[in-house]
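# fold the following, please.
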Amino acid sequence: MSGLTAFAAGLALMLQAAPQPRIFIASDSTAANYDASKYPQLGWGMMLKCGLAPDIEVINRAVGGRSTRTFISEGRWDTLIADARPGDVVLIQFGHNDASHSRPERYAPAHTAYRDNLLRMIWEAKGRGLFPVLVTPPARRSFEDKRAKADFAEYSQVMRELVVSTNTPLIDLEARSRALVERAGEEGAKRYFLHYSANEGVKAFPKGIADDTHFSELGARAMAEIVARELKGLRLPVAEKVLAERPDLTRETPIGSAACR
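Residues are numbered from 1 along each chain as shown. This next block holds a predicted model:
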């Protein structure tokens with residue numbers, strides 16, 4: 001075997017041995033994992049696996065009630081960075097809790113603290129050889145004059161601006177999900193959120209619930225479909241691992257769990 005041939009063979013073996021990139025999620029309750037007892041409440045991060053090749057691991061670090069401020073102050077960001085390895089993707093989606101004026105421990109003004117916290121995440125991720133991807137906060141079931149509106153527009157705009165200044169990829173979940181909600185209409189969009197009456201017999205919500213922020217099974221699947229579709233269009237190694245067909249995420253009827261079929 002010639003030296004060149006041996007080198008090529010060795011390189012091929014190294015590439016085969018290289019671990020597959022993983023996807024980490026840094027976010028809040030809209031993406032978080034939920035126990036089966038909480039069904040039908042699901043976070044989109046639970047469903048993302050259904051749009052990916054089976055050898056891609058999704059490590060969901062999203063936690064309810066967290067903003068960029070608390071995700072960092074509680075050490076969750078440092079832990080994520082320590083656990084990730086070069087080549088991994090980090091989806092960063094915050095905004096809902098950063099906008100909580102009444103909760104000073106969470107609150108991060110869009111153009112100052114929020115922006116600074118995102119910059120820290122971006123540069124620290126890139127410094128570790130990771131691929132950060134900004135994800136604008138998903139739309140709520142929020143309508144004005146029969147049009148779906150963006151309740152976190154300032155926060156989404158900051159992310160869009162950082163895309164340009166830091167050359168970081170963006171998944172505009174806010175814009176895409178708002179279009180989804182608007183197409184469904186004010187009444188039809190209820191199926192994507194937690195809207196159940198007491199007489200429907202939902203164990204997790206025996207008294208019923210009307211929640212325009214958190215997702216039902218269909219809502220979580222729909223949000224994950226948007227994320228997967230947008231991820232496939234990015235120039236990242238993991239993009240080729242997004243399935244071309246994603247019937248588990250585009251289904252119109254729930255199956256009663258977070259399973260992929």
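
# can you pull out the low-pLDDT segments for the protein?
Counting by pLDDT under 70, the low-confidence segments of the chain come to 1-17.

# so where do the helices sit in it?
Under the criterion DSSP state H, the chain contains helices at 3-17, 44-47, 68-73, 76-83, 115-127, 153-166, 173-188, 217-232, 247-250.

# the ones you listed: which one's closest to Gln93?
Nearest of the helices of the chain to Gln93, taken as Cβ to Cβ: helix 173-188 at 6.8 Å. C-betas here are computed from N, CA, C, even on glycine.

# in the closest one, what counts as buried?
The neighbour-count check on helix 173-188 (16 or more other Cβ atoms under 10 Å) flags Leu173, Glu174, Arg176, Ser177, Arg178, Leu180, Val181, Glu182, Ala184 as buried.

# what's the closest non-adjacent residue to Ser37?
Ala204 (6.5 Å; Cβ to Cβ, 6 or more residues apart in numbering).

# need phi/psi at Glu245.
Note on Glu245: backbone dihedrals following degrees, to the nearest 10 are phi -110, psi 130.

# from Arg229, how far off is it?
The spacing between Glu245 and Arg229, counted by Cβ to Cβ, to the nearest Å, is 11 Å.

# run a quick neighbour tally on Glu240.
8 (other Cβ atoms under 10 Å).

# ugh, typo on my part, it should be Asp211
Neighbours of Asp211 (other Cβ under 10 Å): 15.

# still on that earlier bit, please identify which of the helices of the chain is closest to Gly95.
Going by Cβ to Cβ, the one of these nearest Gly95 is helix 153-166, 3.6 Å.

# which outside residues touch the closest one?
94-95, 98-99, 110-111, 114-115, 118-119, 122-123, 134-137, 150, 168-170, 172, 174-175 (Cβ atoms under 8 Å, 6 or more residues apart in numbering).

# narrow the residues you listed to those that are buried.
By 16+ other Cβ under 10 Å, those give 94-95, 98-99, 110, 114-115, 118, 122, 134-137, 150, 168-170, 172, 174 as buried.

# okay, and which of those map to strands?
Those of those mapping onto strands are Leu134, Val135, Leu170, per DSSP state E.

# the first one touches Thr168, doesn't it?
What that stands for is Leu134. Yes: with contact defined as Cβ atoms under 8 Å, Leu134 counts as touching Thr168 (5.7 Å).

# just put the helices of the chain in a markdown table and tack on distance to Val58.
What follows is those, written out as a markdown table (distance: least, Cβ to Cβ, whole Å):
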| stretch | distance to Val58 |
| --- | --- |
| helix 3-17 | 22 |
| helix 44-47 | 7 |
| helix 68-73 | 18 |
| helix 76-83 | 13 |
| helix 115-127 | 17 |
| helix 153-166 | 21 |
| helix 173-188 | 16 |
| helix 217-232 | 10 |
| helix 247-250 | 13 |
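
# among those helices, which is the most enclosed?
Mean neighbours per residue, mean count of other Cβ atoms under 10 Å, is largest over the helices of the chain for helix 44-47, with a mean of 28.

# who's in contact with that one?
Contacts for helix 44-47 (Cβ under 8 Å, 6+ apart): 25, 27, 30-34, 58, 60, 62, 138, 215, 219-221, 223-224, 227, 248-249, 258.

# now the strand ranked longest in the chain against helix 217-232, angle please.
Taking DSSP E as the criterion, the chain has its longest strand at strand 209-215. Using axes from the mean of the first three to the mean of the last three Cα atoms, to 10 degrees, the inter-axis angle of strand 209-215 relative to helix 217-232 is 20 degrees.

# so what's the gap between strand 209-215 and the chain middle?
In terms of Cα atoms, centre = their mean, to the nearest Å, the centre of strand 209-215 is found 17 Å from the chain centre.
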